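[1] Structure here, sequence nowhere to be found:
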C-alpha cells in the first residue's frame, strides 16, 4: 500500500507537520484571501479580447518544439492533426490524504496514476461515463468523465468571475486514437523527440478521461505562452481549488517525462489537489510517493 502520509518523513525540508498543524488556519485564510485578490487584479488587467470557443484548429504544418506542440481533435475513426463545484471550506489533513495501490492502479478511479512506467490496465481501457463538457467553450465536441466535466465547468465559471475565460481543445482520447497520434508525431519528429510530448497508446492521461487540454487565445493554443496569458496564470494559481493540477509542470521533466505543458490539466479531486498545493508538491508522482518516470521501461 502506498500512502501520502509517507511524505511526513520528508517534510523537514518543507517546514514539517508540526508547522503545518500550527499554521493551517492562517494558511487557509491567506490562500483564500490571495485567491480573491488575485481574481480582482486579473480582472483589472483583462485583455481587450479573448479567444472564442473552438473545437479544432486549421491544418497547418506543426513544428513540434518545446515552444509549440500541435493541438489535436481526434474523431473516433481517425486522428486529425493540427492539431466538482468549488469548495468553500478546505480541510487541511496534516498527514495528507491516503492513497492506496488500488487507487493508483484502478483505471476507473480519478486517482489512477498513468505515466511512462505505469500503463493503464487493461491497456485499451475506455471509460463508461463519458459526457460532453457542457459549460466550457469547445466542450460540445469533447468528452470527459462526468465528474471531471463538471469540475472543469466549475473552474471555468471561476475564471469567468475573475474576468477571464478558457476553452477546451482536447479531452478524452481512445487507445486507438492515441496510438495513431503517437505514430504520426513519431513519423514527423522521430520517436525520441515525439515521446517528450506525446504518450504511447495505453500510457496517456487523456485515455483515462480525467485530463484536458485548455487554452485562452488561438495564438497560445497548446503552446507554452499559455502560461504567460492572464487566464493561464489564473489556472496555475487557482486550479487546485477545483480539484485540478497542472500535470506536467515546468522544470519537472526528469520526474514526469514530458516537457512543460501549462495547458494540460488533470483532475485529482479537491482533497489531493489542496494537499499538494499546501505542501508545495508539484507532481502527481511525488504526491503518491512513486519514483520518477522520465522514460519507458522498454
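    Right, received. Where do you want to start? Note that the structure is a prediction, hence the values are computed from the model and not measured.
[2] So residue 197 lies in a strand, does it not?
    No. Looking at residue 197 with DSSP: H, G, I helix; E, B strand; the rest coil, it is coil, so not inside a strand.
[3] Distance-wise, check it relative to residue 181.
    Using CB to CB, to the nearest Å, we find residue 197 at a distance of 11 Å from residue 181. No exception for glycine: its C-beta is placed from N, CA and C like everyone else's.
[4] okay, those two: which has more neighbours?
    residue 181 (27 against 21; other CB atoms under 10 Å).
[5] which phi and psi does the more buried one have?
    The phi/psi pair for residue 181 (degrees, to the nearest 10) reads phi -60, psi -50.
[6] Confirm for me that it is in contact with residue 173.
    Yes. Contact criterion CB atoms under 8 Å: residue 181 and residue 173 qualify, at 7.2 Å.
[7] Helices along the stretch 51-200 of the chain, start to end?
    Under the criterion DSSP state H, counting those that start in this stretch, helices of the stretch 51-200 of the chain are mapped to 101-105, 146-161, 175-189, 191-194.
[8] okay, those, which one's buried deepest?
    Mean neighbours per residue, mean count of other CB atoms under 10 Å, is largest over the helices of the stretch 51-200 of the chain for helix 146-161, with a mean of 21.
[9] re the thing from before, export the helices of the stretch 51-200 of the chain as CSV, with columns for mean pLDDT.
    Output for the helices of the stretch 51-200 of the chain, formatted as CSV (pLDDT from 0 to 100):
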stretch, mean pLDDT
helix 101-105, 96
helix 146-161, 98
helix 175-189, 98
helix 191-194, 98
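[10] Ok, which of these comes nearest residue 278?
    When the helices of the stretch 51-200 of the chain are compared by CB to CB, helix 146-161 sits nearest residue 278, at 18.6 Å.
[11] Who are the packing partners of that closest one?
    Helix 146-161 sits against strand 130-132, strand 211-215, helix 230-238, strand 244-248, strand 261-267, with contacts defined as 3 or more CB pairs under 8 Å, 6 or more residues apart in numbering; DSSP states H and E.
[12] now do 10 Å
    Packed against helix 146-161 by the contact rule (3 or more CB pairs under 10 Å, 6 or more residues apart in numbering; DSSP states H and E) you find helix 16-44, strand 130-132, strand 143-145, strand 167-170, strand 211-215, helix 230-238, strand 244-248, strand 261-267.
[13] The last one pairs with which strands, parallel or anti?
    Strand 261-267 has these partner strands in its sheet, going by DSSP bridges: strand 211-215 (antiparallel), strand 244-248 (antiparallel).
[14] could the ones you listed be laid out in JSON lines, adding distance to residue 116?
    Listed next are the strands paired with strand 261-267 as JSON lines, based on distance: least, CB to CB, whole Å:
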{"stretch": "strand 211-215", "distance to residue 116": "15"}
{"stretch": "strand 244-248", "distance to residue 116": "12"}
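[15] out of the ones you listed, nearest to residue 97?
    So among these, strand 244-248 is nearest, using CB to CB, at 13.4 Å.
[16] What are the buried residues along the helix or strand following the closest one?
    Next helix or strand after strand 244-248 toward the C-terminus (DSSP states H and E): helix 253-256. Across helix 253-256, burial judged by 16 or more other CB atoms under 10 Å covers 253, 255, 256.
[17] if we can go back for a sec, can you put the helices of the stretch 51-200 of the chain in CSV and add distance to residue 118?
    Shown next, in CSV, are those (distance: least, CB to CB, whole Å):
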stretch, distance to residue 118
helix 101-105, 8
helix 146-161, 19
helix 175-189, 15
helix 191-194, 20
